[in-house]
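A.B. asks: sequence unknown, structure follows:
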């Protein structure tokens, strides 16, 4: 979803959540009705609804209205929580090679372990890896600690290159190494 769609959905979800909650708070006397009316002018809307509806609503009708209101509030809350994700979305696995007969799938934990090991291999201390999913691939973010005696920019560059080498495209040929 692009940012504009998320913004519209977030505003809609907030409205669908705030309106029923405010009406419930007014109904149970938690917030004085005059205060809410001063900021929103909700009484005009309530009077318009009262004029349009029957003056005597049965108990069953009230129950149905309450259930519908609760469902609308629940849907709004779910939409809001979906847009305000706590953490990053990561798929559990991704396809590395989809060639028939050579299908290769790698899990998110395997990618994290490979990246941490690649960073440790060049001398980084306590590497931490975060993954996010981007279409059919992972975006790898790594944090490392550098010993005081080392050059941190050089170690960071070596760690980045080693992680790229280890997590490189499986279709790429392996880099040739000279034997001593």
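C.D. replies: All right, it came through fine. A quick note: this is a predicted structure, and the numbers were derived from the prediction, not measured. Residues are numbered from 1 along each chain as shown.
A.B. asks: make it CA atoms for all contacts and neighbour counts henceforth
C.D. replies: OK.
A.B. asks: Distance of residue 98 relative to residue 147?
C.D. replies: Residue 98 sits 41 Å away from residue 147, going by Cα to Cα, to the nearest Å.
A.B. asks: ok, which stretches of the chain are strands?
C.D. replies: When secondary structure is read from DSSP state E, the chain shows strands at 93-97, 104-107, 125-134, 137-145.
A.B. asks: can you pull the contacts of the residue lying closest to residue 12 once chain neighbours are set aside?
C.D. replies: The spatially closest residue to residue 12, leaving aside those adjacent along the chain, is residue 76, at 7.8 Å (Cα to Cα, 6 or more residues apart in numbering). Residues in contact with residue 76 (Cα atoms under 8 Å, 6 or more residues apart in numbering) are 12, 13, 14, 16, 17.
A.B. asks: ok, 10 Å please
C.D. replies: Shown in contact with residue 76 (Cα atoms under 10 Å, 6 or more residues apart in numbering): 9, 10, 12, 13, 14, 15, 16, 17, 18, 70, 82.
A.B. asks: My read is that residue 30 contacts residue 36, right?
C.D. replies: No - applying Cα atoms under 10 Å, one finds residue 30 not in contact with residue 36, separated by 11.2 Å.
A.B. asks: Spell out which residues are contacts of both of those two.
C.D. replies: Counting by Cα under 10 Å, 6+ apart, the residues touching both residue 30 and residue 36 are residue 22.
A.B. asks: Mind checking which of these two has more residues around it?
C.D. replies: For residue 30 versus residue 36, neighbours defined as other Cα atoms under 10 Å are more numerous around residue 36 (16 against 10).
A.B. asks: how close does residue 114 get to residue 122?
C.D. replies: Between residue 114 and residue 122 the distance, using Cα to Cα, works out to 13 Å.
A.B. asks: Same question for residue 105.
C.D. replies: 27 Å.
A.B. asks: And the two? Which one has more around it.
C.D. replies: Shown here are residue 105 and residue 122; by other Cα under 10 Å, residue 122 has more neighbours (17 against 12).
A.B. asks: ok, now which ones touch the more buried one?
C.D. replies: Residues in contact with residue 122, defined by Cα under 10 Å, 6+ apart, are 155, 156, 157, 158, 159, 160, 161, 162, 163.
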